[in-house]
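Peer 1: Coordinates for the following, if possible.
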Amino acid sequence: MPVLVVPEVSKVLSPEEELKRLEEEAISLGMSHEELAKIQAIGRCPAQIRIRIELLKHWISRYAQR
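Peer 2: Residues are numbered from 1 along each chain as shown. Here you go, the predicted structure:
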């Protein structure tokens with residue numbers, strides 16, 4: 001009997017979920033709570049969340065180059 005193999009689909013994160021994941025990753029890599037608070041102070045509207053995501057990605061990539 002034929003078997004249908006369905007490839008695993010990775011979950012697409014909402015911007016809020018991605019932001020939370022990046023914040024947790026940055027803290028685990030050594031970002032201070034003061035640095036994180038400055039990024040969080042930017043705001044919570046969609047455009048501000050995108051800015052926060054980009055700042056966290058930039059910080060994480062800089063950390064990875066050390």
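Peer 1: Point to the residue nearest the middle of this protein.
Peer 2: Residue closest to the mean C-alpha point of the chain, counted by Cα atoms, centre = their mean, is residue 22 at 2.7 Å.
Peer 1: what stretches of this structure score poorly on pLDDT?
Peer 2: For the chain, the stretches flagged by pLDDT under 70 are 1, 9.
Peer 1: got the residue ranges for the strands in it?
Peer 2: In the chain, no segments count as strands under DSSP state E.
Peer 1: thinking again about what came up before, ignoring the adjacent residues along the chain, who's closest to the residue nearest to the centre of the chain?
Peer 2: Leaving aside its sequence neighbours, residue 22 sits nearest to residue 56 (Cβ to Cβ, 6 or more residues apart in numbering; 4.0 Å). (Each C-beta comes from the backbone N, C-alpha and C, glycine too.)
Peer 1: what's that neighbour in contact with, if anything?
Peer 2: Taking Cβ atoms under 8 Å, 6 or more residues apart in numbering, we find residue 56 in contact with 19, 22, 23, 25, 26, 39.
Peer 1: next one: residue 16
Peer 2: Listed by Cβ under 8 Å, 6+ apart, the contact partners of residue 16 are residue 49.
Peer 1: Number of residues surrounding residue 52?
Peer 2: Residue 52: 22 surrounding residues under other Cβ atoms under 10 Å.
Peer 1: before we move on, what about the one 3 residues further on?
Peer 2: Residues within reach of residue 55, counting by other Cβ under 10 Å, total 16.
Peer 1: For it, list the residues it contacts.
Peer 2: 39, 42.
Peer 1: one more time with 10 Å, if that's ok
Peer 2: The contact partners of residue 55, taken as Cβ atoms under 10 Å, 6 or more residues apart in numbering, are 22, 26, 35, 38, 39, 42.
Peer 1: In JSON lines, list these along with distance to residue 52.
Peer 2: Formatted as JSON lines, these follow (distance: Cβ to Cβ, whole Å):
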{"residue": "22", "distance to residue 52": "8"}
{"residue": "26", "distance to residue 52": "11"}
{"residue": "35", "distance to residue 52": "12"}
{"residue": "38", "distance to residue 52": "10"}
{"residue": "39", "distance to residue 52": "5"}
{"residue": "42", "distance to residue 52": "5"}
